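Participant: What would the 3D arrangement of this be:
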Amino acid sequence: MKAHTKLLIALISGAGLGLLLHPIADQDWVYALSTHVFSPVGQIFLRLIFMVVVPMVVSALIMGVYELGEGQGLGKVASKTFFYTAVTSLASVLIGVTLVNVLKPGVGMVLPGLSADSAPLDKIKNNAALGKSFSATLVDLVPKNPLEAAVKALDGEMVSLMVFALLFGVGLVFASAHDKRKESIVIAACTEVFNACMKIVEFAMKLAPFAVFALVFNSTIKFGYQLFSSLLFYVLAVVIGLAIQQFVVYSLMLKGIAKRSPLQFFLSIKDVMLYAFATASSNATLPKSLAVAEKELGLPRASSRFVLTVGSTANQNGTALFEGITVLFLAQVYHVDLSLAQQMQVVLLSVMAGIGTAGVPGGSLPLIMILLQQVGIPAEGIGIVLGVDRFLDMCRTTVNVTGDLVIATLVGKKNP
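Facilitator: Below is the predicted model:
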């Protein structure tokens, strides 16, 4: 049986069993099954992936930058990557804002009882309070201690670690210009580190169907059908927006710029999309994306490694769309009338917030709280959407990861 078939079966069966057992979720044996059996399986799988993300990102970026630098292509690849990232992010947020204004999912909604002192909400509030000013964020892009940045990479310091790897790769290009021995030693070491990480990922992928079943089961048994009932129109607005970004915007870019068949492209990356949906993490999906880019899409190794490793953190246009919709939805719920100028502010802040979002499950929630505070919406409002965030996180991560591969395809296309 093919890998994507196994993942799809695991996803559907996990959701089905979770919904079936949701009414009796408080029974001891069901609780024990969820907490002591399925939860460890899902978490062990994610940790196997997360533990190799840092060494893999650093080694892949150093090798990618070096190979691009040797061929004098670094500047071109980097400029194209950031240009397409900005374009796709802006398009996604504009789609989201338009949908909210047309569908008006928050108008007339009755506020559910919010637990303003709940533990998840407190954690998000604390993370939001740690938000930095623009100047501080700019300074922190360059780490004082790359080892400290590596330790905190999965808690929001991934960008500064990437900056270190990029600068190290550039330095290696110049340092090895006069002494190729330096190149052979460092690049050989990075190659071995990267290959070892990919072997660990191969082992982890053998657990993937069981982990996908466990992760989806735990989400559905916790929320059941109530996951959607009270927030149906909000969920629909987000899903429709993500679908337009995924199948319309990306398809137009693939066909118009890369001259690729969108259908063939999506068929080639179906494993990655399923994997992203199940894990809700761009970082956890990165190893799979790197492999598919080279083997299935046939993209140049150097440019695809650069684009995908940077994109796993910087290109979060599905998240940007979600953030834009959520802020305007909550404005409607709280009867906060945002002017066109304020909505444009939300658009720009969402684009920037999408670029700064951690590529881990739930990484966008603190940034949404910061956006709410910027436009005068009660920050506690985020509690309304917490119940459906896991499902929407799975959807937007799929769009994020697909966007990374689309941009890698656009950057790596061969000019006629």
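Participant: Next up, phi/psi of the residue nearest in space to the middle of the chain, please.
Facilitator: Closest residue to the average C-alpha location of the chain: residue 282 at 3.8 Å, with Cα atoms, centre = their mean. When read as degrees, to the nearest 10, the backbone of residue 282 gives phi -70, psi -40.
Participant: Could you tell me how far it is located from residue 288?
Facilitator: 11 Å (Cβ to Cβ, to the nearest Å). (Glycine included, C-beta is placed from N, CA and C.)
Participant: and if you look at residue 198?
Facilitator: Taking Cβ to Cβ, one finds residue 198 at 10 Å from residue 288.
Participant: Which SSE is immediately downstream of the helix or strand of the chain with the lowest mean pLDDT?
Facilitator: Considering only helices and strands, the least confidently modelled element of the chain by mean pLDDT, DSSP states H and E is helix 119-129, at a mean of 48. Moving toward the C-terminus from helix 119-129, the next helix or strand (DSSP states H and E) is helix 134-140.
Participant: and the next element down the chain from that next one?
Facilitator: Taking DSSP H and E, what comes next after helix 134-140 is helix 146-151.
Participant: Would you mark the buried spots in that next one?
Facilitator: Residues of helix 146-151 classed as buried by neighbour count (16 or more other Cβ atoms under 10 Å): 146, 149-150.
Participant: still on that earlier bit, and the residue nearest to the centre of the chain, how close does it get to residue 14?
Facilitator: Distance, residue 282 to residue 14, by Cβ to Cβ: 21 Å.
Participant: about what we covered before: residue 198 and residue 288: which is more packed in?
Facilitator: residue 288 (24 against 16; other Cβ atoms under 10 Å).
Participant: Next one: the more buried one, what pLDDT does it get?
Facilitator: Listed pLDDT for residue 288 reads 89.
Participant: isn't it right up against residue 270?
Facilitator: No - shown here, residue 288 and residue 270 do not form a contact pair, counting by Cβ atoms under 8 Å, at 11.2 Å.
Participant: what sits against residue 413?
Facilitator: Counting by Cβ atoms under 8 Å, 6 or more residues apart in numbering, residue 413 touches 257-260.
Participant: Okay, and which of those residues map to strands?
Facilitator: Using DSSP state E, no member of those falls in strands.
Participant: pLDDT at the residue nearest to the centre of the chain, what is it?
Facilitator: At residue 282, the model reports a pLDDT of 81.
Participant: Quick check: closest non-adjacent residue to residue 322.
Facilitator: residue 396 (4.7 Å; Cβ to Cβ, 6 or more residues apart in numbering).
Participant: Which residues in the helix or strand that contains the one you found does the neighbour count mark as buried?
Facilitator: Taking DSSP H and E as the definition, residue 396 sits inside helix 382-412. Counting neighbours by 16+ other Cβ under 10 Å, one finds that the buried residues in helix 382-412 are 382-412.
Participant: picking that back up, just want to check the distance between the residue nearest to the centre of the chain and residue 13.
Facilitator: Distance, residue 282 to residue 13, by Cβ to Cβ: 25 Å.
Participant: before we move on, what SS does the residue nearest to residue 332 when sequence neighbours are not counted have?
Facilitator: Leaving aside its chain neighbours, residue 332 sits nearest to residue 106 (2.9 Å; criterion: Cβ to Cβ, 6+ apart). Recorded secondary structure, residue 106: coil (DSSP: H, G, I helix; E, B strand; the rest coil).
Participant: wait, isn't residue 106 in contact with residue 231?
Facilitator: No - look at residue 106 against residue 231 with Cβ under 8 Å: they stay out of range, at 9.6 Å.
Participant: Quick check: neighbours shared by these two?
Facilitator: Shared contacts of residue 106 and residue 231, defined by Cβ under 8 Å, 6+ apart, are absent.
Participant: Confirm for me that residue 54 is in contact with residue 153.
Facilitator: Yes - between residue 54 and residue 153 a contact is recorded at 5.0 Å, counting by Cβ under 8 Å.
Participant: Identify the contacts common to those two.
Facilitator: Common contact partners of residue 54 and residue 153 (Cβ under 8 Å, 6+ apart): residue 161.
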